[in-house]
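> give me the fold of what follows.
(chains A and B, ligands or ions: 2)
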Amino acid sequence: MKKFDLIRMALGNLWRRKVRTVLTILGVLIGTASITLMLSLGFGIDQSYRGSLERMGSLNVIQVYNYYGGGYYMEKSVSVRGSGGGGGGGDSETKKLNDATCEEIEAIPGVQAVLRMLDTSVKFGSGRYVAWGQLLGINPEAMEYFDFVVDKGRLLTENDTTAIVFGSDVPRNFYNPKDRRSNWWGYSQDTEPSVNVLKDRLIMTFDMSYGEPQHSPTEGKRPKRYHVEGVGLLSWEGSMNYSWYAIANIDYVKKIIKENERMQGNRRRNQETIYNQIKVRVEDLDEVVNVQNAIKDMGFQTYSLNDQMVEMQKTSRVIQAVLGGIGAISLLVAALGITNTMVMSIYERTKEIGIMKVLGCLLKDIKNMFLIESGLIGFIGGIVGGVFSIGASVLLNKFLAPALMGRMGYGVQVDKISIIPSWLLLAVVVFSTFVGLISGYSPARRAMKLTALTAIRTE
Amino acid sequence: MCHSKYFEIIIFRLQVIEGSDNPLQEVVSVKGQKKDAEENIIEIKDLRKIYKVGNETVVALNNINITIKKGEICCFLGTSGSGKSTLLNMMAGLEKPTKGTIKIAGWDVEKLSEKKLALFRQNHIGFIFQSYNLMTFSNALENVAMPLIFKGMGRKKRNKAAKEMLKAVGLEDRINHRPSEMSGGQQQRVGIARAFVAKPEIVFADEPTGNLDSKTSKDVMDMIVEMATQYNQTLIIVTHDLSVSKYAHRVFHILDGDIDKIEVCS
Ligand SMILES: Nc1ncnc2c1ncn2[C@@H]1O[C@H](COP(=O)(O)OP(=O)(O)OP(=O)(O)O)[C@@H](O)[C@H]1O
Ligand SMILES: [Mg+2]
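Ligands and ions are numbered 1, 2, ... in the order given. Have a look, this model is predicted:
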């Protein structure tokens, strides 16, 4: 028998029992649509989490801390410690987060760049205005990997010394200490900053009383004043994590810190710099966990948004599994529906099948005809179910997503609650066809085994 | 019975079926053709069929020995329950005998697997039923073309053949009618067209006129016999109607599962 004839006959048989066929297809539709929609909700939740995390920062970045206990506050109050005062709680055996360690981390496979972060409090002055500031020394060549995005000017280069790139909030910190109406906590978002950090002459110093009306007495010599030059201003959106910082070349920062300590009478030689925190960028998102574990094994505490991602994914998987399970059950019911329809069909067609056999129809053709019928029910049900779920998904996104805004946890932004990737549609159609074939298999075998004789005898 | 003759026929059949280009086939087939006239197309030996219903056994066929030649028109005549249908069904491979052998067109019918049986029916036999047994949802054309569909013939070719057959049985104006839209006589004519469409060597007919009045019966019988004669086809008719048996070359009287007597008509 030709394939085309088989399919034509199968279609004819389905068409003859329109109502039952349609009802069975409806069952499959409900099954496939619920699986598709349930999974699409899972994907939507996943995507929302991921999107929100990406807005918070790069998922590829691991933060490494030198101390125990600290949470994931990025802006820990940090001070520069000498080697003696290293990581609270860590014993002397523990590795220190120094340059040698940084190089070791850089050598871990998959690591793209390491950002060394050394920060200290300084005061800036420009004409009448002064500002409290946090100076952050970093290795300029790593800048491009860690979300430093300039709004104006440029990033740092390796040859920079007194060049400074300002975080977006720093310029507003300038105030006139002699003017009662302006002070450092009273700056407003709206008014233009009093100092143009890119153009005006700038002075930087460790002397915290610089420019203030009353000078607090200092023990050692007065800290030096450095002439610095603003070369760039970071954008707020792109570099949220650095908005409070004044960023300079780490070599320069190390140099002036040493100079200052020497002036303050601290004479310990060859002090090694210990970083409180560094950031590591991993090239491939899938490698983050491995690299993070490698760093943990070295004895450091780490944190990455990926941690949070993994947690969220776990939650999302559970939700998907539960929702998918509900869908699977409805498809199972649909499968039973297909089997039932096919069995009914055999009872009705006993005579017909017998005649076919007497006329010389091959058993395999009879079996295939039944399989095609049940497969078609699954296939059509899958397609209609897919179309239906696309429609339902659009409605969910339109009406349910806004209602869910902000209810899924802090900072999670929901724009699409249901996402149906095209591979899912394809997979569902293939799967429901498969379910149709499976459900039709035993009825098809039964039809095949009917004897032609009983068919002829039934009047 | 000469056994070497059997052997040649079997070889001939097998090679025709396998369609081999073996030059030997030519020789054998020439031999086969020579013997065509006297070829035994059906040979039944010691055939016995016992049904077991609960503890009781019913001897439907006791001991049947028959040989039928190609082109012969045979009639099995007998009262109800004598075992006529049982015999026919076993010849068509629809039932397995309890004992004995059935050889039809070189095939050992009782030994055939289901798949071989289907091929056997496709290629060698046609069937006419008392209750027509047409496909209720198909029209006359589709019904007649059905055996050709199962043989895997293309749509155009089979529809052409089916139309010709319908024309031959005088139903060219009923091509698109469904069985429910035709009279019993018309339905049986569709059944005849279907049985002959594949040009089988043997056509079985179980009470072909059982549901028809005497006038229509005559038309139908004329038609069946004419067609069978035209292509030198063997015709096996089961009936309890004496007027039907008049068409036969030989009439086998069946009584309680045995052949009572064989009547040879001129
Ligand atoms: N499947 C079966 N199971 C048990 N007994 C059967 C079966 N088929 C036939 N028989 C018995 O075998 C005997 C012969 O039956 P069969 O149908 O061959 O008769 P028939 O000659 O065709 O009769 P009719 O002219 O009424 O059609 C009957 O006694 C019948 O009861
Ligand atoms: Mg009978």
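> could you count how many residues lie near residue B:81?
When neighbours are defined as other C-beta atoms under 10 Å in any protein chain shown, residue B:81 has 12 of them. C-beta: built from backbone N, CA, C; applies to glycine.
> distance of it relative to ligand 1?
With the distance defined as C-beta to the nearest ligand atom, to the nearest Å, residue B:81 ends up 4 Å from ligand 1.
> in whatever helix or strand residue A:251 lives in, what counts as buried?
Assessed by DSSP states H and E, residue A:251 sits inside helix A:250-263. For helix A:250-263, the neighbour count (16 or more other C-beta atoms under 10 Å in any protein chain shown) marks A:250, A:252, A:253, A:254, A:256, A:257, A:260, A:261 as buried.
> go on, stretch A:196-211?
Judged by neighbour count using 16+ other C-beta under 10 Å, the buried positions of stretch A:196-211 are A:197, A:198, A:202, A:203, A:204, A:205, A:206, A:207, A:209, A:210, A:211.
> what's the answer for stretch A:371-387, then?
By neighbour count on 16+ other C-beta under 10 Å, the buried set for stretch A:371-387 is A:371-386.
> and for stretch A:276-290?
Using 16+ other C-beta under 10 Å as the test for burial, stretch A:276-290 gives A:276, A:277, A:278, A:279, A:280, A:281, A:282, A:287, A:288.
> tell me which element residue B:94 falls in.
Per DSSP H and E: residue B:94 is located in neither a helix nor a strand.
> now it. Nearest residue, chain neighbours left out?
Computed as C-beta to C-beta, 6 or more residues apart in numbering or on different chains, the closest residue to residue B:94 that is not its neighbour in sequence is residue A:453, at 4.8 Å.
> wait, the one you found touches residue B:92, no?
No: applying C-beta atoms under 8 Å, one finds residue A:453 not in contact with residue B:92, separated by 9.5 Å.
> who does the residue nearest to residue A:165 when sequence neighbours are not counted bridge with?
The shortest distance from residue A:165 to any non-neighbouring residue, by C-beta to C-beta, 6+ apart, is to residue A:232 (3.9 Å). Here residue A:232 sits in beta bridges with residue A:153, residue A:165, as judged by DSSP bridges.
> which residues touch residue A:232?
Counting by C-beta atoms under 8 Å, 6 or more residues apart in numbering or on different chains, residue A:232 touches A:150, A:152, A:153, A:154, A:155, A:156, A:165, A:166, A:198.
> what is the nearest of those to chain B?
Distance to chain B across those (C-beta to the nearest C-beta) is lowest for residue A:150, with 73.5 Å.
> isn't the closest one right next to residue A:235, touching?
Yes: between residue A:150 and residue A:235 a contact is recorded at 6.7 Å, counting by C-beta under 8 Å.
> neighbour-wise, which of those two wins?
residue A:150 (18 against 15).
> name the nearest residue to the more buried one, ignoring sequence neighbours.
Using C-beta to C-beta, 6+ apart and skipping residues adjacent in sequence, the residue nearest residue A:150 is residue A:232, 4.5 Å away.
> helix, strand or coil for the residue in the stretch 251-400 of chain A positioned nearest to chain B?
The stretch 251-400 of chain A approaches chain B most closely through residue A:360 (3.4 Å), counting by C-beta to the nearest C-beta. Three-state call for residue A:360 (DSSP: H, G, I helix; E, B strand; the rest coil): coil.
> one more: residue A:226?
Quick answer, by three-state DSSP: residue A:226 is strand.
> what is the burial count for residue B:218?
Using other C-beta under 10 Å: residue B:218 sits among 15 other residues.
> leaving out chain neighbours, which residue sits closest to it?
residue B:243 (7.6 Å).
> so how far is residue B:209 from the one you found?
9 Å (C-beta to C-beta, to the nearest Å).
> more neighbours, those two?
Neighbour comparison, residue B:243 and residue B:209: the larger count goes to residue B:209, with 24 against 12 (by other C-beta under 10 Å).
> residues contacting that one?
B:188, B:216, B:217, B:220, B:221, B:239, B:241, B:244.
> all strands for the stretch 301-450 of chain A, in order.
Assigned by DSSP state E, counting those that start in this stretch, the strands in the stretch 301-450 of chain A fall at A:301-304.
> am I right that residue A:42 is in contact with residue A:326?
No: the pair residue A:42 and residue A:326 fails to qualify as a contact (C-beta under 8 Å) at a distance of 11.6 Å.
> give me the phi and psi for residue A:276.
When read as degrees, to the nearest 10, the backbone of residue A:276 gives phi -80, psi -30.
> my bad, should have said residue A:156
Dihedral angles for residue A:156 - degrees, to the nearest 10 - are phi -80, psi 150.
> look up how far residue A:259 lies from it.
Taken as C-beta to C-beta, the span from residue A:156 to residue A:259 is 20 Å.
> likewise residue A:224?
Distance, residue A:224 to residue A:259, using C-beta to C-beta: 7 Å.
> just residue A:146 next, same as before
Taking C-beta to C-beta, one finds residue A:146 at 27 Å from residue A:259.
> again with residue A:391
Applying C-beta to C-beta to residue A:391 and residue A:259 gives a distance of 70 Å.
> also residue A:44?
56 Å.
> which residues does residue B:149 contact?
Contacts of residue B:149 (C-beta under 8 Å, 6+ apart): A:1, A:2, A:5, A:9, B:158.
> now the host helix or strand of it, how far from the centre of its chain.
Remark: residue B:149 resides in helix B:140-150, with elements defined by DSSP H and E. Counting by C-alpha atoms, centre = their mean, to the nearest Å, helix B:140-150 is centred 17 Å from the centre of its parent chain.
> can you give me the strands in the stretch 101-250 of chain B?
B:107-108, B:125-128, B:202-206, B:234-239, B:250-255.
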